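S.K.: Below: sequence and its predicted model.
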Amino acid sequence: MAGVVLVSMGILVIYMYRVIDGLHREQQEMRMQINHLRSKSDMPVPVPAAAHPPPQFLQPQQSQLHEPAREAYAPQPAAKERISHAVDEELTPGRMAAFDQEESESAKRRKLMGFFTTGTSAGVGCFEIADQSSSTYDVSGANCNSNNCPDCFITPATVSQDITLTIQACSSALWIRGQSRAGVWIYTFINTDATYTLSVTDSTGSGTTYKVPPQQFVTAYCAASLGTSNRLIFTSQDLPTLTVDSGLTLAAGNFDASGSTGTFTTSSGTNTLSGNTVISGSKTFTTGTGAVSLNGDTAVANSKTFTVGSAGNGGATTLYGATTVGASGNEVATNIYGNFAQAGATVTFSTGQGAVSLNGDVGVATGKNLHMADTGTGTFRTGTGNVRLNGNTEVTNANTFTTGTGAVSIQGDTTVSDSKTVTVGASAGAGGAITLNGATTVAVSSGTALTVAGDFSQTGATTFSTGTGQISLNGDVGIAAGKDLAMANGAGTVTTGTGTVTVNGNIDQLGATTFSTGTGAVVFNGATAVAEGKSFSVGTNSLTAADTPTQLFGTVTIGHTNVGRSLTVKGNVEFTQSSDNGAPTFSTGVGAITINGDVGMAADKNLIMATSGTGGLTTGTGNVNLNGYVAMGHGAAFSLNGVAVQCDQNSGTLSSQICSGTR
């Protein structure tokens, strides 16, 4: 029940609002009609009693009251009848004053035209366009952020580029409550940015684009049914006079003053014409006394002259480009009444094929050439005077150079080209002597052969050096007494043939180099010494290496009388009898001898200790087997310390001389 009441109250409020809003519209139209009638006549116009103004919240929004919107408030028939009736009545001065006061208050509210709210939400008076290079708004629908578009467009607070704004379908623009417009109305475009340009155009394809410079605005009209549909009509381009305070920029199109007879006068600033300039008819072109710069090709018409000054008073003429006098088949003369001088480091001077007569001395500057063409049969001939060539002389291609029979002196270095020969004498055996008083080099970089068909002999203290290639000596090589055959330090080797190598002097190897022989026998005919700290090895220490016997045919001494050295044998030691030395002996020093293995004595061999001295024989704890007689020396005692003696013979045969036992 409460919901039904609330809905009913809502419907009632909406109905009352529409009634009051309609009355307010009629009151506005009545005032407009009365003002119109007052402007038509000076007689007093009856005015109805002032009605109470509607509540403030019922006032139309200001953005809805600018001039193009007034047609939405067209007078209703009832209002027209009341206005007509009021005209027939007579107003008193008091009623007239009250009407004027009410009209003044209403005018204040209506004169707020051009005061817009900005943004992109519904109800704003000036729509902020997007910061992008191109934006198009179709004003025939709710296309301004899903709302109807107002008649004002403005750039946003931040602009980062030039913007092109296209207004589409302006003749079908919607107005308040989605109603279509009629008549003509104005659009306002505002560029608040200080840097970038706002370009405004419509959707008709007319190509008309109005550029709004930074911090400026422009207005344009659009009509619902008059003229071209959807066309934005900008400010007139025809002006009676135009005064520009600071600069005039023509972005496109022509500057046409052909319909005017006025003059064109500039100030003292520079005038730049980026296009062609044509002076038609017999008109003249005169400059001031300042310099004239022609930056393009310049042509003088046929039969016209080009004169610089007058005789004796001409200024200098400078031509920085190629200059052509006459043409092929139409040669003309060039007369120069004065010196002819060419300046610059790379300029050339060329003549035609006719004779060139040089009636004075000819000098060629330092570092410059006097050239004849490489092809052709032209000759170069001098007079009988001396010919002095202060520079190089070159005979090119297959041409020859021949001198007379006089002596030829070559004062500088002489080079013979690749694959060319130097021949002295016309035939073999008829050549003159060749004397080379300086160093002679054969082949600087590659292996060119030097062939000597006779003896090669050097005299004096001169040297002979070869390159790094192989040297083949096909004959005996002899080195004079007191001279060396030395190799430089490096990895070079010496290889001999199969013949015997005889060295009559000492052989000394330096550094940590090694000395290796072949597999044949090596014979040292002199004393051989191994340096201190060095070893002498025979064979290798590998367990699988073959037995390599070492034979020493002389006495071998290890250590010295004052310095004893050890002998370590990691194998058997065997002494064999030789035919020239009889039975060999083995002698040690006076130091202890340690035998870590069994000791076997051959048959019929003795273990004899010296009969003098105090040397003793001590055994271990094992049995001592004496297979022979034991003889005690005279006066020597044989004692058994606390051990019973067992005799193998019968006790009846014991005697004190054979076996006795004591405790």
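M.R.: Cool, got the structure. Quantities reported herein were computed from a predicted structural model and do not represent experimental measurements.
S.K.: residue boundaries of the helices in this protein?
M.R.: 2-40, 77-88, 93-110 (DSSP state H).
S.K.: between those helices, which gets the lowest average pLDDT?
M.R.: Sorting the helices of the chain by mean pLDDT places helix 77-88 lowest, at a mean of 44.
S.K.: Return the distance of residue 152 relative to residue 187.
M.R.: 7 Å (C-beta to C-beta, to the nearest Å). C-beta: built from backbone N, CA, C; applies to glycine.
S.K.: Would you state the strands of the stretch 51-200 of the chain in chain order?
M.R.: For the stretch 51-200 of the chain, applying DSSP state E, counting those that start in this stretch gives strands covering 118-119, 126-128, 134-138, 152-154, 163-168, 184-191, 198-202.
S.K.: Save those as JSON lines, and put in distance to residue 432 and mean neighbour count too.
M.R.: Output for the strands of the stretch 51-200 of the chain, formatted as JSON lines (distance: least, C-beta to C-beta, whole Å; neighbours: other C-beta atoms under 10 Å):
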{"stretch": "strand 118-119", "distance to residue 432": "112", "mean neighbour count": "16"}
{"stretch": "strand 126-128", "distance to residue 432": "108", "mean neighbour count": "20"}
{"stretch": "strand 134-138", "distance to residue 432": "97", "mean neighbour count": "15"}
{"stretch": "strand 152-154", "distance to residue 432": "108", "mean neighbour count": "23"}
{"stretch": "strand 163-168", "distance to residue 432": "97", "mean neighbour count": "20"}
{"stretch": "strand 184-191", "distance to residue 432": "102", "mean neighbour count": "20"}
{"stretch": "strand 198-202", "distance to residue 432": "97", "mean neighbour count": "22"}
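S.K.: Residue 300 is nearest to which of these?
M.R.: With C-beta to C-beta as the measure, strand 198-202 is the member of those nearest residue 300 (45.9 Å).
S.K.: Pairing partners for that closest one, with directions?
M.R.: strand 163-168 (parallel), strand 209-212 (antiparallel) (DSSP bridges).
S.K.: what about the first one, average pLDDT?
M.R.: Strand 163-168 shows an average pLDDT of 95 in the prediction.
S.K.: So which residues make contact with that strand?
M.R.: By C-beta atoms under 8 Å, 6 or more residues apart in numbering, the list of residues contacting strand 163-168 from outside reads 129, 131-140, 153, 155, 187, 189, 196-203, 209, 222, 230, 232.
S.K.: orientation of it relative to strand 134-138 in degrees?
M.R.: Interaxial angle, strand 163-168 versus strand 134-138 (axes from the mean of the first three to the mean of the last three C-alpha atoms, to 10 degrees): 20 degrees.
S.K.: report the angle between the axes of strand 163-168 and strand 184-191?
M.R.: 160 degrees.
S.K.: Quick one: distance of strand 163-168 to the chain centre.
M.R.: Relative to the mean C-alpha coordinate of its chain, strand 163-168 is positioned 44 Å out (C-alpha atoms, centre = their mean, to the nearest Å).
S.K.: One more: stretch 246-253?
M.R.: Mean-position distance between stretch 246-253 and its chain equals 43 Å (C-alpha atoms, centre = their mean).
S.K.: which residues sit against it?
M.R.: residue 211.
S.K.: Can you measure across that stretch, start residue to end residue?
M.R.: Using C-alpha to C-alpha, to the nearest Å, one end of stretch 246-253 lies 21 Å from the other.
S.K.: Buried residues, that stretch. List them.
M.R.: For stretch 246-253, the neighbour count (16 or more other C-beta atoms under 10 Å) marks no residue as buried.
S.K.: Identify the residues contacting residue 387.
M.R.: Taking C-beta under 8 Å, 6+ apart as the definition of contact, residue 387 has no neighbours.
S.K.: And it, how close does it get to residue 414?
M.R.: For residue 387 relative to residue 414 (C-beta to C-beta), the value is 20 Å.
S.K.: One more: residue 219?
M.R.: Taken as C-beta to C-beta, the span from residue 219 to residue 414 is 95 Å.
S.K.: who has more neighbours, the two?
M.R.: Using other C-beta atoms under 10 Å as the criterion, residue 219 and residue 414 rank with residue 219 on top: 16 against 7.
S.K.: domain ranges for the chain?
M.R.: Here the domain parsing of the chain from automatic domain parsing is 2-110, 118-223.
S.K.: re earlier: a markdown table please, covering the strands of the stretch 51-200 of the chain and showing distance to residue 596.
M.R.: A markdown table is the format used below for the strands of the stretch 51-200 of the chain (distance: least, C-beta to C-beta, whole Å):
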| stretch | distance to residue 596 |
| --- | --- |
| strand 118-119 | 116 |
| strand 126-128 | 115 |
| strand 134-138 | 111 |
| strand 152-154 | 119 |
| strand 163-168 | 113 |
| strand 184-191 | 118 |
| strand 198-202 | 117 |
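S.K.: Out of the ones you listed, flag the one nearest residue 484.
M.R.: Here strand 134-138 is closest among the strands of the stretch 51-200 of the chain (C-beta to C-beta), at 95.5 Å.
S.K.: so what secondary structure elements neighbour that closest one?
M.R.: In terms of contacts (3 or more C-beta pairs under 8 Å, 6 or more residues apart in numbering; DSSP states H and E), strand 134-138 is packed against strand 163-168.
S.K.: Format the CA atom coordinates belonging to the strand it packs on as PDB.
M.R.: Listed in PDB are the C-alpha atoms of strand 163-168, where the atom choice follows Å, rounded to 0.1, in the frame of the first residue of the first chain:
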ATOM      1  CA  ILE A 163      43.900  18.100 -33.500                       C
ATOM      2  CA  THR A 164      41.500  17.800 -36.500                       C
ATOM      3  CA  LEU A 165      37.800  18.000 -35.400                       C
ATOM      4  CA  THR A 166      35.100  16.900 -37.800                       C
ATOM      5  CA  ILE A 167      31.400  17.800 -37.100                       C
ATOM      6  CA  GLN A 168      29.200  15.200 -38.800                       C
END
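S.K.: where's residue 628 relative to residue 452, distance?
M.R.: 94 Å.
S.K.: again with residue 437
M.R.: 19 Å.
S.K.: Same question for residue 172.
M.R.: The value you get for residue 172 to residue 452, if C-beta to C-beta is used, is 113 Å.
S.K.: quick one: which of these two has more around it?
M.R.: More neighbours surround residue 172 than the other of residue 172 and residue 452, with 16 against 7 (other C-beta under 10 Å).
S.K.: check contacts around the more buried one.
M.R.: Residue 172 touches 139, 140, 180, 224, 230, counting by C-beta under 8 Å, 6+ apart.
S.K.: was I right about the second one contacting residue 169?
M.R.: It stands for residue 140. Yes. With contact defined as C-beta atoms under 8 Å, residue 140 reaches residue 169; the gap is 3.9 Å.
S.K.: hang on, the earlier thing: tell me which two in the contacts of residue 172 are the farthest apart.
M.R.: Largest separation among the contacts of residue 172 by C-beta to C-beta: 180 and 230, giving 13.5 Å.
S.K.: ok, those two, which is more surrounded?
M.R.: Set residue 180 next to residue 230 and count neighbours by other C-beta under 10 Å: residue 230 wins out with 20 against 11.
S.K.: residues contacting that one?
M.R.: Applying C-beta under 8 Å, 6+ apart to residue 230 gives the contacts 168, 169, 170, 171, 172, 202, 203, 204, 222.
S.K.: Just list whatever residues bridge to the first one.
M.R.: Right, the one you point to is residue 168. residue 138.
S.K.: repeat for the last one
M.R.: Beta-bridge partners recorded for residue 222 (DSSP bridges): residue 185.
S.K.: Please report the distance of it from residue 147.
M.R.: Taking C-beta to C-beta, one finds residue 222 at 19 Å from residue 147.
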